[in-house]
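Engineer: how would this look folded up:
(one chain, ligands or ions: 1)
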Amino acid sequence: MDLKALLQLLILMSVVRVAHFSKSSSKGRYMASVFSDLTSEEMTSVRTFLMDQEQLNLVPIRSHFGKNAIFMMELNLPKKRSVLNFLDNNGPKPQREAKVVIFFGDRAQPNVTEYIVGPLPHPYYYRPVTSKRNKPIRFESRPMTYMEYEKIQKHLMEFTKELNHILLETSGFSFYNCSSRCLSFTDIAPRGLNSGERRSWLILQKYVEGFFLHPIGVEILLNHRSLNPKEWMIEKIWYNGQYFDSVKELVHKYEKNELSKIQLSDDSQDPYSTFMPRGEFKIKTDIHGPKICEPQGKRYRVLGNYVEYTGWSFAYRVRPSAGLQIFDIQYNNERIAYEVSIQEAIAFYSGSTPAGMQTKYIDSGWGMGTVHYELAKGIDCPEEATYQDLYNYYDTDKPLRYKNALCIFEQPTGVPLRRHFDSTYNGGYSFYAGVENQVLVVRTTSTVYNYDYIWDFLFYQNGVIEVKVSATGYIHATFFTPDGLQFGNRVQSDVLGNLHTHLINYKVDLDIAGTENSFETIDLKYENITNPWSPDHFIVQSRMDRVPISSERQAAFRFGSHVPRYLMFVNPNKKNKWGHQKSYRIQYNSHAHSVLPRMWAEEKGISWSRYSLAVTRHRESEQSSSSIFIQCDPWDPNVYFENFIRNNQDIVNKDLVAWVTVGFLHIPHAEDIPNTSTPGNAVGFLLRPFNFFDEDPSVASRDTVIVRPTDKNFTKVNIQRWTPEVIGQCVSNKPFSYNGTYFSD
Ligand SMILES: [Cu+2]
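Structural biologist: This next block holds a predicted model:
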């Protein structure tokens, strides 16, 4: 390095500024800890305590099937009132407790019971969770476990022994002595047609990379309700469009040639379902694309589960059922929301095969909030992101650490936050000004078997929060038969991509500058008035039609009904400088519609999906719109969202919760092979300030650049900026420059 370069570096180093964090950060961290998930130590102590309770008679869940075992544990969220008392009034810190789900298989009436265990970290009490429903959770509604899958796999091997030659002739793959050519299966849900059933359709597939896309034309209905696997039975088999009551019947008809046989081509060597690159682009390249970098360090701070960035501060946790929850969202120390969280994600399918027509995935029942595997640096999140490990206790006997399962990062959006070029319309300009648009992202993923959801919460400098889910992974596909074409597209010679609707439900507990809020809508109405400046004419124009909504029923917008364009949460008691009630607006980015007629069998389990938006009074007993037990019993759900609005409470000047449903119809097409890609498959909503502030709060952003010509000939410009003039090595070693003229040559 020459002397000049060294001097430059020294000057640069002396002017490098770093982000300044408030002195209250450590207090913020302490406050946020009221929401923090159970630590590994807490989980272990809860387990030890419960295993010692003789009357529970617990055994490890990973070594027994159908006994009494701890299935899951998570933080028991303290009541909002006591949390707010702690956060806002210096009240006592709420006691930490765990919520534990125990499977009681070894009881005269097997059931599932939820317990509260506390206090942490040294528990000495446990009590069952009481609910208004006053009915035990049905044992058959429990999520699947590793042990149950192991038993199913074993029984499938046994049951399909007689079928072995048919499977081999059909696909070249089998369950027996299969070495590299093995079959696998996908079990679909719900598992039956009525409450209390547990019988699953299994789709047989070749076990190659991306096996989800390799159905072999055989589907099996297995009744696995009994806790004694010896009593399990195959109730039906579907083979190439034909139904059989037993393995025997299929074998008999197969051997007598009394059915239509299939023989699949062998594509297992070079499957269409892999990520392996193939083919060429017109413009070939094998060098890196652009990357995100932070040339002068991070501008946000993560302390435990507490995050600070520009005006923002919030806490987060990741619950095992549905995943990310963001709490106590504040902007410049003013609260906007108490909680914004994922509640449920569903995908309801159609098809001509029994598995296709039966599939109604309700993903929290598959531990959607626990399947957050490691994020790849530079692909799933920027390399420089802050990565956090997450701990789960779900179908396990010890806490499991999911490394780098959550990431937080700041990224440029590539579009300015604000900008203006102030033309003089004669070849020059009076000023140019712009603000870079950087956004803080909190991200997790859920790989629910074949599908991958990417969950984002974005915090913009102008007070906007964006909530977004992107879908990717493998489609859920069934064997192609010609009548399948009414339910999707043929995407490979033997594969139908089945149509399905994705719906995602969020809880948005807004607290606009306090808990007392009201809800109103704004749309436009034409008015027709005599033209005041030309009385022989009329003026037709739109005027604002502001409708205060006073009850829960009135605030429930069914899919298909008219939804006013502005959905406003207002604080009627607090006004901005201009006399307007402080408000935030929910703005949708979604193409959702309902998936089943109201009250149809399985629809009861997802009654939240009736409404694009429902607004309810906050109630501790209405913490979630869904549960992990609904997937296996949607017919008699233990959480029935419709009840949240049934009592039609008054919602004026009250603590309000918005239940937001977004989604999209997915008709798989050739380009879903090998994977569904994220562009176009992202939906969500925005929370936007609307008279909450007195002006755009991003005026505080130092990501601003202003350029003013200093002489008539535009030979010199005055550049004003509030960040170091030189960015650093990471992007460019040249200072920002600007000319901005458009003279002709
Ligand atoms: Cu899809």
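Engineer: so what does the strand ranked longest in the chain touch, helix or strand wise?
Structural biologist: Selection of the longest strand in the chain by residue count, based on DSSP state E, yields strand 334-349. Judged by 3 or more C-beta pairs under 8 Å, 6 or more residues apart in numbering; DSSP states H and E, the packing partners of strand 334-349 are strand 323-331, strand 360-362, strand 451-460, strand 465-473, strand 500-510, strand 682-690. Heads up, the C-betas are built off the backbone N, CA and C, glycines and all.
Engineer: Who does that strand pair with, and is each partner parallel or antiparallel?
Structural biologist: Its sheet considered, strand 334-349 pairs with strand 323-331 (antiparallel), strand 360-362 (antiparallel), strand 500-510 (antiparallel) by DSSP bridges.
Engineer: pLDDT on the shortest one, on average?
Structural biologist: The reference is to strand 360-362. Averaged across strand 360-362, the pLDDT comes to 98.
Engineer: Can I get the helix or strand following it as CSV, trimmed to CA atoms?
Structural biologist: Per DSSP states H and E, the first helix or strand lying C-terminal to strand 360-362 is strand 386-394. The C-alpha coordinates for strand 386-394 follow below in CSV (Å, rounded to 0.1, in the frame of the first residue of the first chain):
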residue,chain,number,x,y,z
THR,A,386,-27.4,-12.4,12.1
TYR,A,387,-28.2,-16.0,12.5
GLN,A,388,-29.9,-17.4,15.6
ASP,A,389,-30.3,-21.0,16.8
LEU,A,390,-33.8,-22.2,17.8
TYR,A,391,-34.6,-24.9,20.3
ASN,A,392,-37.5,-27.2,19.9
TYR,A,393,-39.1,-29.8,22.2
TYR,A,394,-41.5,-31.6,19.8
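Engineer: contact partners of strand 386-394?
Structural biologist: For strand 386-394, the surrounding residues in contact (C-beta atoms under 8 Å, 6 or more residues apart in numbering) are 37-40, 43, 47, 70-74, 298, 300, 302, 318, 320, 367, 370, 372, 375, 377, 381, 399-409, 444.
Engineer: Can you give me the buried ones in the helix or strand that it is followed by?
Structural biologist: Downstream of strand 386-394, the first helix or strand assigned by DSSP H and E is strand 400-412. Buried residues in strand 400-412, counted by 16 or more other C-beta atoms under 10 Å: 402, 404-411.
Engineer: Any chance of CSV for those residues, columns pLDDT and distance to Gly463?
Structural biologist: Output for those, formatted as CSV (pLDDT from 0 to 100; distance: C-beta to C-beta, whole Å):
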residue, pLDDT, distance to Gly463
Tyr402, 94, 32
Asn404, 94, 30
Ala405, 96, 29
Leu406, 98, 24
Cys407, 98, 23
Ile408, 98, 19
Phe409, 98, 20
Glu410, 98, 16
Gln411, 97, 18
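Engineer: does Gly28 sit in a helix, a strand or a coil?
Structural biologist: Of the three states, Gly28 takes helix under DSSP: H, G, I helix; E, B strand; the rest coil.
Engineer: Based on its surroundings, how many neighbours for the nearest residue to Ser226 once chain neighbours are set aside?
Structural biologist: Leaving out its chain neighbours, the residue that sits closest to Ser226 by C-beta to C-beta, 6 or more residues apart in numbering is Trp232, at 6.3 Å. Neighbour count for Trp232, taken as other C-beta atoms under 10 Å: 20.
Engineer: Now for Trp232: which residues touch it?
Structural biologist: By C-beta under 8 Å, 6+ apart, the residues touching Trp232 are 151, 155, 222-224, 226.
Engineer: neighbours around Phe457, how many?
Structural biologist: Phe457: 25 surrounding residues under other C-beta under 10 Å.
Engineer: Next one, pLDDT for it please.
Structural biologist: The model reports Phe457 with a pLDDT of 98.
Engineer: The residue nearest the centre of the chain pairs with what?
Structural biologist: Centroid-nearest residue in the chain: Trp455, 4.2 Å away (criterion: C-alpha atoms, centre = their mean). Counting by DSSP bridges, Trp455 forms beta bridges with Thr444, Val469.
Engineer: what's near enough to touch it?
Structural biologist: Contact partners of Trp455, counting by C-beta under 8 Å, 6+ apart, are 323-324, 342, 443-446, 468-469.
Engineer: Adding distance to Phe480, write the residues you listed out as TSV.
Structural biologist: Shown next, in TSV, are the contacts of Trp455 (distance: C-beta to C-beta, whole Å):
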residue	distance to Phe480
Gly323	34
Leu324	37
Ile342	34
Arg443	36
Thr444	35
Thr445	30
Ser446	28
Lys468	33
Val469	29
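Engineer: Kindly write the PyMOL command that selects the buried subset of the residues you listed.
Structural biologist: With 16+ other C-beta under 10 Å as the burial test, the buried ones among the contacts of Trp455 are selected in PyMOL as follows:
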select buried, resi 323+324+342+443+444+445+446+468+469
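Engineer: Return the member of the contacts of Trp455 nearest to Arg598.
Structural biologist: Nearest to Arg598 among the contacts of Trp455 is Ile342, at 24.0 Å by C-beta to C-beta.
Engineer: what about the closest one, distance to Ser364?
Structural biologist: 9 Å (C-beta to C-beta, to the nearest Å).
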